[in-house]
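Colleague: need the 3D shape of this:
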Amino acid sequence: MRRPLGLAALAACALLILAPAAWGRPARGPASAPAAEGAEKARPEAKPDPRPESRPSQADQARTRREKARKIAAINVKLTRLFRAGKYGQCEPLLRQILDVDPNNNVAWYNLACVRSRSGQGEKAIRCLNTAVENGYTAFRHMERDPDLDAIRQAPGYKKLLARRGEIQRAHAARIRDELRERFGEGYLYEIDHERRLVFATNVDRTTLADMKQRLSAYASAQWRDLFTHPFEGYVTIVVPKSSDWRWGPAIGGFYSRPGRVLFARSVGYVLVHEFTHALHGADQEGRGQRHPIWITEGLATLFESSQVSGGHALPQPNRRLVLLQMLLKRKRTIPFGQIVKFNHPTFMKRASVAYSQCRYMLMYLHAKGLLRTWYDAYTDGFDKDATGAKAMEAACGKKLGEIEADWRKWVLALEPPVLQLPPKSAYIGIQLRADTDGVHVTEVVKASGADKAGLRPGDVIVAIDGERVVDPALLMQIVHGHEVGDEIEVRYRRGGKYHETAVRLGELPERLTRRRSRRRPAPRARPAPKPKPKPKSSAEPKPKPGHTPAPQVKPKPRPGHTPKPQVQPKRKGPTTQPARKEAA
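Modeller: The predicted model follows:
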């Protein structure tokens with residue numbers, strides 16, 4: 001039975017991300033025709049009403065998908081309990097209920113095969129396996145080691161199915177590409193990389209796509225050489241969408257769905273590398289039959305999000321997370337190692353601002369000591385005894401966890417923070433910039449600067465400096481900061497779909513830009529000491545003096561023809577949204 005991620009998670013992700021219904025269109029045919037020979041027929045869906053009706057909105061479609069996912073999740077809770085108790089006869093009706101909700105749910109068909117294999121129904125089990133494959137199930141590694149299928153290992157139909165795994169996966173990749181083309185339409189590039197097992201749907205030009213494929217290929221090779229053992233089994237889908245096709249809000253830069261092997265990234269910079277690391281690590285977990293905790297999965301993804309491949313190795317670089325972490329360490333607000341390694345997903349996300357930065361530099365500490373691979377091997381080998389990774393860290397470092405944490409604190413505080421903005425009088429190109437999908441977008445060119453003299457214009461997208469690929473503003477400023485005033489650099493940029501190169505002589509950052517920046521982000525002021533609260537007055541009424549009659553309290557009469565204004569309480573202002581940050585470079 002398919003258990004590693006939990007049935008509910010797999011079904012929900014299939015509905016929300018990969019399932020054709022999630023894109024508002026009918027399900028397509030099988031992944032490969034020959035696999036249908038021994039397949040069990042899916043339950044027929046209801047015929048559409050020929051009467052015209054209005055097309056449901058995206059919100060209605062999303063609501064329907066959530067309702068389906070909730071129904072499937074509720075059924076899976078009962079299903080898992082019954083299966084573990086060996087009550088296979090009661091499992092099949094529940095699986096049929098899932099297939100009534102989603103007839104093409106490949107995980108449900110796979111689990112039905114497991115139920116029938118355990119019940120001694122070998123031929124029916126093989127037919128269900130073929131149906132699962134038709135609907136996109138390609139986790140052959142799990143299939144090979146799943147004890148629920150031991151009863152049909154020697155069956156000719158099972159062996160025939162495994163022998164065709166390469167053909168089935170290639171056909172599945174072609175199906176994914178066609179579905180992406182149907183979903184996103186024109187204006188995208190759609191490609192399949194069979195060597196690396198990647199499917200692309202990108203809103204970039206061919207030059208950027210070729211560069212992206214080369215960088216991801218070099219990065220994957222480095223990780224398979226230095227850290228991970230198991231490469232991709234199924235094809236990973238990589239989508240770099242248009243802004244109009246992004247439906248997850250401005251705060252989310254990307255995500256990776258491990259069950260569906262789908263990666264979405266709004267840019268080809270550090271976000272893409274972060275999510276691609278999740279894909280590489282996910283494949284290694286699948287190959288080992290393990291499920292690593294969130295501090296390790298996010299720790300590895302954040303560790304390599306800012307990295308350079310040199311000499312066949314991925315080398316992590318300090319990034320803006322270090323600035324936050326050093327501040328937290330000074331304020332003693334980090335999370336003890338013994339706690340963070342035990343965090344589940346909800347707990348981790350409640351402390352996300354701290355946890356992401358901390359787990360990155362916990363693993364960067366091991367990398368700097370040359371112990372990352374040693375720790376990872378010890379962890380995966382002893383996973384059944386300690387799934388947190390704490391024991392493996394102690395074994396790799398030869399110290400207790402508390403001693404490691406104390407040494408780590410000193411190491412982090414001694415690190416040189418990266419350049420997040422150019423300091424006064426430093427070298428600069430002469431532009432205002434912001435991040436773009438595949439480079440650095442020039443928003444303004446300073447008059448008479450090096451950029452102005454070299455012919456750069458607002459709207460240009462800088463993609464490389466001195467032959468080094470530039471994918472985000474932080475990297476550009478890091479490169480420029482390493483030069484002196486008067487140095488000449490070679491800038492490659494795109495304008496109107498065409499690429500150009502120009503030499504830019506670096507000038508000195510004007511003081512007025514520094515003043516403008518300081519006015520825009522003033523230093524936080526120290527809070528004044530709270531004023532002492534006044535003592536409450538006695539509730540007792542003062543006694544009148546003997547022989548004294550207090551004057552009555554008379555309200556003033558309004559003037560004729562005058563209407564007094566009502567007393568209105570001022571409204572409290574809500575949080576303001578800051579505009580997108582632009583920096584000088």
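Colleague: helices of the stretch 151-300 of the chain, start to end?
Modeller: With helices called from DSSP state H, counting those that start in this stretch, the stretch 151-300 of the chain shows them at 156-163, 165-184, 206-226, 270-288, 294-305.
Colleague: select, out of those helices, the one closest to residue 247.
Modeller: The closest of the helices of the stretch 151-300 of the chain to residue 247 is helix 165-184. By Cβ to Cβ, the value is 11.9 Å. Just so you know, the C-beta spots here come from the backbone N, C-alpha and C atoms, and that holds for glycine as well.
Colleague: what helices or strands is that closest one leaning on?
Modeller: Here helix 165-184 touches strand 189-193, strand 198-202, strand 236-240, going by 3 or more Cβ pairs under 8 Å, 6 or more residues apart in numbering; DSSP states H and E.
Colleague: recalculate using a threshold of 10 Å.
Modeller: Packing contacts for helix 165-184, counted by 3 or more Cβ pairs under 10 Å, 6 or more residues apart in numbering; DSSP states H and E, involve helix 122-134, helix 140-145, strand 189-193, strand 198-202, strand 236-240.
Colleague: reformat those as CSV; add mean neighbour count, distance to residue 293 and mean pLDDT.
Modeller: CSV is the format used below for the helices and strands packed on helix 165-184 (neighbours: other Cβ atoms under 10 Å; distance: least, Cβ to Cβ, whole Å; pLDDT from 0 to 100):
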stretch, mean neighbour count, distance to residue 293, mean pLDDT
helix 122-134, 24, 29, 95
helix 140-145, 16, 20, 91
strand 189-193, 15, 31, 97
strand 198-202, 23, 27, 97
strand 236-240, 25, 22, 97
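Colleague: okay, these in a markdown table with distance to residue 89 next?
Modeller: Below are the helices and strands packed on helix 165-184 laid out as a markdown table (distance: least, Cβ to Cβ, whole Å):
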| stretch | distance to residue 89 |
| --- | --- |
| helix 122-134 | 14 |
| helix 140-145 | 23 |
| strand 189-193 | 43 |
| strand 198-202 | 40 |
| strand 236-240 | 38 |
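Colleague: how about the strands in the stretch 251-400 of the chain?
Modeller: 254-257, 262-265, 307-310, 313-316 (DSSP state E, counting those that start in this stretch).
Colleague: so in that sheet, which strands flank the last one, and in what orientation?
Modeller: Using DSSP bridges, the strands paired with strand 313-316 in its sheet are strand 307-310 (antiparallel).
Colleague: quick one: name whatever helix or strand follows the least confident helix or strand in the chain by mean pLDDT.
Modeller: Lowest by mean pLDDT, DSSP states H and E among the helices and strands of the chain is helix 7-13, with a mean of 39. As assigned by DSSP states H and E, the chain's next helix or strand after helix 7-13 is helix 58-84.
Colleague: buried sites along that following helix?
Modeller: Across helix 58-84, burial judged by 16 or more other Cβ atoms under 10 Å covers 65, 68, 69, 71, 72, 75, 76, 79, 80, 82, 83.
Colleague: helices or strands next to it in the packing?
Modeller: So helix 58-84, by 3+ Cβ pairs under 10 Å, 6+ apart, packs with helix 7-13, helix 88-101, helix 106-118.
Colleague: give me that answer again for 7 Å
Modeller: helix 7-13, helix 88-101 (3 or more Cβ pairs under 7 Å, 6 or more residues apart in numbering; DSSP states H and E).
Colleague: got the contact list for stretch 339-346?
Modeller: Identification of contacts with stretch 339-346 by Cβ atoms under 7 Å, 6 or more residues apart in numbering yields 294, 295, 355, 358, 359, 388, 389, 390.
Colleague: re the thing from before, in CSV, list the buried residues of helix 58-84 along with distance to residue 499 and pLDDT.
Modeller: Listed next are the buried residues of helix 58-84 as CSV, based on distance: Cβ to Cβ, whole Å; pLDDT from 0 to 100:
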residue, distance to residue 499, pLDDT
65, 41, 83
68, 46, 87
69, 45, 87
71, 51, 90
72, 48, 91
75, 54, 92
76, 51, 90
79, 55, 91
80, 54, 90
82, 61, 92
83, 57, 90
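Colleague: pLDDT below threshold where in this structure?
Modeller: 1-58, 513-584 (pLDDT under 70).
Colleague: got the domain ranges for it?
Modeller: For the chain, automatic domain parsing gives the domain ranges 7-44+56-169, 185-291, 292-418, 427-512.
Colleague: same list, those, but as CSV with distance to residue 175 please.
Modeller: Output for these, formatted as CSV (distance: least, Cβ to Cβ, whole Å):
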stretch, distance to residue 175
domain 7-44+56-169, 5
domain 185-291, 10
domain 292-418, 28
domain 427-512, 27
